[in-house]
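# What follows is a predicted protein model with its sequence.
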Amino acid sequence: MNFSILSVLITLLFSQQAFAYPEMARTGYVNCNSCHISLNGGGILNDYGRKLSKEEIAVWKNPDEKSTEEQFLYGVMGETPIQKWLKLGGDVRSVYYYVNSPRSISGQTLLMQADFQAAAVKDKWTIVAAAGVSQDAPGKEVEFQSRNHYLMYEINDEVHLRGGKFIPAYGITTPDHITLTRDPLELGYNFESYNLEASYISDRWNWFGTGVFGRPDDKSLDQDQGFAIQGAYLFSEKVKVGLNTWYGKKDVSSRWLLGGFAIAGITEKLFGSTEIDVKSYKDSDHGIATTQKLSYELIEGLWLYGMQEYGTSNVPSSADLTTQVYGGGFQFFPRTHFEFNVAYEKIINGSKSGTQTASTSMDTIWLMSHFYL
Amino acid sequence: MKYTHNIWFVLIMFLSGSSSFAINQVPVEAFQASSGKIDFYAIGKPSMLKIHGSADSLKGTFNKNNGEVSGHFTVNMADFSSGLSLRDSHTKNKVFEVEKYPTAEITLKPFQVKTSEKTKFTGVLKFHGVEKEVQGEMTFDFSDKKAKFESSFNIQLTDFNIQPPEFAGMKINNEVRVAVSGDSVK
């Protein structure tokens, strides 16, 4: 594997992750906006999310109830009036990765993200904006970007309207955007788009209807324009099951996605999630992608997890491709503001063309470090 | 002779009446809770978070008298737990004020029950130092010397001088569903 291919792979795998932890379903937080201002998760935390990051996620914490260590820059804003309506945050992340494939063995370090985020809340209006830099691959130039910026209006406690740039609701919002149900389907982080969204979130149902307008600011990206609909039912305070569909049209192609997902706090320590998507590109690729995850909280702040993925791509007059992924790792949150993630994955790619079959595999290890302001 | 017959008739009637009275007289059955809990179900906004807390130290007794049940249960609110230490500390100390009001009590007014059938009941809940009548549904499953019971009812926190708590932007609905359940023995 030459360097450029490796760089593309690493870019796909590790760049621009953002944050939302479905694992919090273990403690009853199945709706993303318990901790995030964004209704479908990720991005800047709300006050409650910051409290949880200290009290329910971190290993070590300041026992003083008045401590503000979980706040933006360790509480630099203090208990000022501005702090009630202005929420600030940011993320700095890097990854060291190691890839052992039949063609090469390589290790690299990449600065994935350095972002600043702000949200202002006034009555029923919320405005959110992020600005920062990111690097597509080692050695490439650092580029400015705004991952999201949107305006949200609360019609009532359950109904919201949102317009701007953000990730449309589809499947499970997770930082593991490297999974077969995210990047290869052009969903999730890295595929933010301009959208109009209406949502209904109750203690039983989540509904999102999103008009997707792609990236009119950068047509060279040729991102999907279409719509997404997601509905999910909360069977209990720790179990959510949903279905969603997506229609997207590019300059010269179009596609449908149909998927289902579930997240479950199986016990107070054990979390499980599953997502399966069927893809159908007009006159082109058909197949499925599925991702399963089990995570166990060994101690507060240390999670052991395992993952399994499977994907197929069947392109007419071309080879049928399969991908299998098996892996696991640890997520470690020593103290609020810090996260470390070390993982191993074995990726097996197969192809079948007529009677010809081929298979290659590679091993990856990566260590991700994350500091959030 | 006729007089003797009358005496016998009165005596027989008296005795038969007495015996039938004795057959209808069912002794009062007293049950004591051997285990039980009180659960609170609340909704937190804006995320419509379902919050479930419980206290597992339910104690109390109830009597069953000719199908009519009445009783009294108490729970130690210091045992309240919702699975999150931060939330529990805040709820117990600043919302329930458990040091000042250590127990919650419910007194069931007499009501007719049939085993395994959901029945409406009225009771008086003493919570956070306030007594207020509550209405809900209750089910008893009676077996030989045991009884299981389950009940649920809704309360408004403000009825008990509790302002719906808000913590770090998470606001709890005023309406809370309360469930009382347990096992009891004679």
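On my side now, so go ahead. Numbers count the residues shown, from 1 in each chain, chains lettered A, B, ... in the order given.
# what kind of secondary structure is A:Asp64 in?
Classification of A:Asp64 using DSSP: H, G, I helix; E, B strand; the rest coil returns coil.
# for A:Glu56, same thing?
helix.
# how close does it get to chain B?
Distance, A:Glu56 to chain B, using C-beta to the nearest C-beta, to the nearest Å: 6 Å. (Glycine included, C-beta is placed from N, CA and C.)
# so what's that residue up against?
A:Met24, A:Thr27, A:Glu300, B:Leu84, B:Leu86 (C-beta atoms under 8 Å, 6 or more residues apart in numbering or on different chains).
# ok, now which ones touch residue 55?
Picked chain A for this. A:Lys61, B:Leu84, B:Ser85, B:Leu86.
# To clarify, I was referring to chain B.
B:Lys37, B:Ile38, B:Val75, B:Asn76, B:Met77, B:Asp79, B:Phe80, B:Ser81, B:Ala104.
# excluding its backbone neighbours, what's nearest the fourth one?
Counting by C-beta to C-beta, 6 or more residues apart in numbering or on different chains, B:Ser57 is the residue found nearest to B:Asn76 once chain neighbours are left out, at 4.4 Å.
# thinking the one you found is in contact with B:Asp79, fair?
Yes. Counting by C-beta atoms under 8 Å, B:Asp79 is a contact partner of B:Ser57 at 4.6 Å.
# picking that back up, would you mind checking the contacts of A:Glu55 for buried ones?
Buried by 16 or more other C-beta atoms under 10 Å in any protein chain shown: A:Lys61, B:Leu84, B:Leu86, out of the contacts of A:Glu55.
# Throw those residues into CSV and include distance to A:Gly287, secondary structure and pLDDT, thanks.
Formatted as CSV, the buried ones among the contacts of A:Glu55 follow (distance: C-beta to C-beta, whole Å; DSSP: H, G, I helix; E, B strand; the rest coil; pLDDT from 0 to 100):
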residue, distance to A:Gly287, secondary structure, pLDDT
A:Lys61, 45, coil, 89
B:Leu84, 41, coil, 77
B:Leu86, 45, helix, 73
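# Tell me who's in contact with whichever residue of the stretch 201-350 of chain A sits closest to chain B.
Chain B sits closest to A:Glu237 of the stretch 201-350 of chain A, with a gap of 3.7 Å, by C-beta to the nearest C-beta. Neighbour list for A:Glu237: A:Gly28, A:Val30, B:Lys50, B:Ile51, B:His52 [criterion: C-beta under 8 Å, 6+ apart].
# so what strands line up beside the helix or strand A:Gly163 falls within?
A:Gly163 is located in strand A:159-166, with elements delineated by DSSP states H and E. Next to strand A:159-166 in the sheet, as set by DSSP bridges, lie strand A:149-154 (antiparallel), strand A:193-201 (antiparallel).
# circling back: may I see the ChimeraX selection of the buried members of the contacts of B:Ala55?
Buried residues among these (16+ other C-beta under 10 Å), as a ChimeraX selection:
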select /B:38,75,76,77,80,81,104
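# Can you get me a residue count around the residue nearest to A:Val159 when sequence neighbours are not counted?
In this structure, A:Val159 finds its nearest non-sequential neighbour in A:Tyr200, 5.4 Å apart by C-beta to C-beta, 6+ apart. Using other C-beta atoms under 10 Å in any protein chain shown, A:Tyr200 has 16 other residues around it.
# which residues does A:Tyr200 contact?
Contacts of A:Tyr200 (C-beta under 8 Å, 6+ apart): A:Glu158, A:Val159, A:Asn206, A:Trp207.
# And the furthest pair within those?
A:Val159 and A:Asn206 (11.9 Å; C-beta to C-beta).
# Who has more neighbours out of those two?
Neighbours per residue (other C-beta under 10 Å) separate A:Val159 from A:Asn206, with A:Asn206 holding more: 24 against 14.
# Isn't the more buried one up against A:Ile229?
No. Using C-beta under 8 Å, A:Asn206 is not in contact with A:Ile229, being 11.6 Å away.
# nearest residue to residue 69 other than its sequence neighbours?
In the absence of a named chain, this looks at chain A. Nearest to A:Glu69 is A:Asn62, by C-beta to C-beta, 6+ apart, at 5.0 Å.
# wait, chain B
B:Val69 sits nearest to B:Val113 (C-beta to C-beta, 6+ apart), 5.0 Å away.
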